[in-house]
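> fold the following, please.
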Amino acid sequence: MSGAGEWCLIESDPGVFTELIKGFGLHLLGPSSWQHDIAHGIRVNSDACVKGVQVEELWSLDPENFENLRPIHGLIFLFKWKADDEPQGSLVMDNRLDKIFFAKQVINNACATQAILSILLNCSHPNLELGKDLTTFKEFVMTFDPATKGLSLSNSNVIRSVHNSFARQQMFEFDQKAASKDDDVYHFVSYMPIEGRLYELDGLKEGPIDHGQIPTETDWLDVVRPILEKRIQKYSADEIHFNLMAVMSDRRSKYQKRIDEINQLIQSGTMETDDLHSEISKLELLIKDEQNKMDRYKVENIRRKHNYLPFIMEMLKILAQEGKLVNLVEKVNGKPKAVQQALVYMWNAVLKAKEKAASRKEAASKRDTAESKEVKMEAK
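Residues are numbered from 1 along each chain as shown. As a prediction, the model looks like this:
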């Protein structure tokens, strides 16, 4: 796959995906007026922000788990990728590609962002507002072939920056190694209805996978559910690393719209108002719950992005200076092995840091001595 800059692995989490979507409201093709987005630390134009959608995690494929999330615009499925995995549907290579946004994945680690964009850029639901910048980007690349769409996406500095803003801070840098054939590789794909048919959008395929016509008066979720079940059944019973998330309409907007409708009924005077006021109170509580959840997402994402290394290293240095760190390491002999290994690992890191600092100090001292001798020779 192409480089196109480094793309990090991001966590499969509804809070990450929801705020990632907000970050796509950046100016993809040019500058304009800006304001600060506290969720990402990236400057965005409020008129350009994606609005009207959020992401929720699904814990099972039981129909009742989908009920409270409607309307659902698309599903994002995380699974362990297999090289010999054959799609259930048929590969689309005809003129439908002119109407479906499908981009080949040409870079590593971008499948999460690509799965989200595949749903956003193919969704025509009135609740979704792409924002002018993402709309402009879609119009700009729509006539491209899938490979060129993938290159356009991967070469967008803004999309890559938003994606990478959710990278977890690493305590230490490790040399990168290529994945071997025995390594587990996980991948995101999207499922969604487009013009009455169910499609699977997988950037590793040559085109969209058509799973057939959605019968009239049938919910598309009832069609996709058995497809996902069959896909999961291909794996052994020990394989549990699956994740399913729904891209759905923003609940706060949904509840507020219902409140506005009820207020109109109250003003018309055609219905008993006690029950209506009671419903408004319930909806306001639901809005408050959703807002609290969004606030929690922001805090969690700030913690994900924060670099705790300076604090940890300083704490370990102080413990070492006071002669307490060795005792702490010895005390965890009866503790879980992972805790013991972590402390020993960090202690060794402190020792290596000290060795490097001493080495740099010694080298600087030798350099200063040599320079001093040169100055004296020149003076003579």
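> surely Leu128 touches Gly52?
Yes: under the criterion of Cβ atoms under 8 Å, Leu128 makes contact with Gly52 at 4.8 Å. All C-beta atoms are positioned from the backbone trio N, CA, C, and that covers glycine.
> okay, and the common contacts of those two?
Counting by Cβ atoms under 8 Å, 6 or more residues apart in numbering, the common neighbours of Leu128 and Gly52 are Ser249.
> and the protein, what are its domains?
14-249, 251-305, 309-379 (automatic domain parsing).
> and those as JSON lines, adding mean pLDDT and mean neighbour count?
Putting the domains of the chain into JSON lines (pLDDT from 0 to 100; neighbours: other Cβ atoms under 10 Å) gives the following:
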{"stretch": "domain 14-249", "mean pLDDT": "83", "mean neighbour count": "17"}
{"stretch": "domain 251-305", "mean pLDDT": "91", "mean neighbour count": "13"}
{"stretch": "domain 309-379", "mean pLDDT": "68", "mean neighbour count": "11"}
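> taking the centroid of this structure, which residue is nearest it?
A centroid search over the chain (Cα atoms, centre = their mean) returns Phe17, at 4.2 Å, as the residue closest to the centre.
> would that residue count as being in a helix?
Yes: counting by DSSP: H, G, I helix; E, B strand; the rest coil, Phe17 is located in a helix.
> tell me the contacts of it?
Going by Cβ under 8 Å, 6+ apart, Phe17 touches Val55, Ile76, Ala112, Ile116, Met245, Val247.
> so which of those sit within helices?
Judged by DSSP state H, the subset of the contacts of Phe17 located in helices is Ala112, Ile116.
> quick check: the farthest pair among the contacts of Phe17?
Pairwise distances across the contacts of Phe17 peak at 12.3 Å for Ala112 and Val247 (criterion: Cβ to Cβ).
> give me the common contacts of those two.
Here Ala112 and Val247 share the contacting residues Phe17, Ile76, scored by Cβ under 8 Å, 6+ apart.
> all helices of the stretch 151-300 of the chain, in order?
157-164, 220-233, 251-268, 273-305 (DSSP state H, counting those that start in this stretch).
> how close does Ser253 sit to Pro208?
Distance, Ser253 to Pro208, using Cβ to Cβ, to the nearest Å: 29 Å.
> go on, Val247?
In terms of Cβ to Cβ, Val247 sits 17 Å off from Pro208.
> next: Thr143.
17 Å.
> with Tyr191 instead?
For Tyr191, the distance to Pro208 equals 11 Å [Cβ to Cβ].
> could you do Met313 as well?
Counting by Cβ to Cβ - Met313 and Pro208 are separated by 48 Å.
> which pLDDT value goes with His306?
Per-residue confidence at His306 stands at 82 (pLDDT).
> I should have written Glu6 there, sorry.
On the pLDDT scale, Glu6 gets 82.
> quick one: contacts for it?
Contact analysis of Glu6 by Cβ under 8 Å, 6+ apart lists Asn164.
> A helix includes it, no?
No: secondary structure assignment places Glu6 outside any helix; it is coil (three-state DSSP).
> ok, back up a step: shared neighbours of Tyr191 and Pro208, which are they?
With Cβ under 8 Å, 6+ apart, Tyr191 and Pro208 have common neighbours Tyr199, Glu200, Leu201.
> how far does stretch 58-74 stretch from one end to the other?
Between the start and the finish of stretch 58-74 there is a gap of 12 Å, counting by Cα to Cα, to the nearest Å.
> meant to ask about stretch 67-78, not that
Start-to-end, stretch 67-78 (Cα to Cα) is 21 Å.
> can you tell me what sits against it?
Here stretch 67-78 has contacts from 12, 17, 53, 55-56, 58, 66, 112, 115-116, 118-119, 122-123, 125, 127-128, 186-192, 221, 224, 228, 231, 241-249, using Cβ under 8 Å, 6+ apart.
> switch the cut-off to 7 Å
12, 53, 56, 66, 115-116, 119, 123, 125, 128, 186, 188-192, 221, 224, 228, 242-249 (Cβ atoms under 7 Å, 6 or more residues apart in numbering).
> thanks a lot, catch you later.
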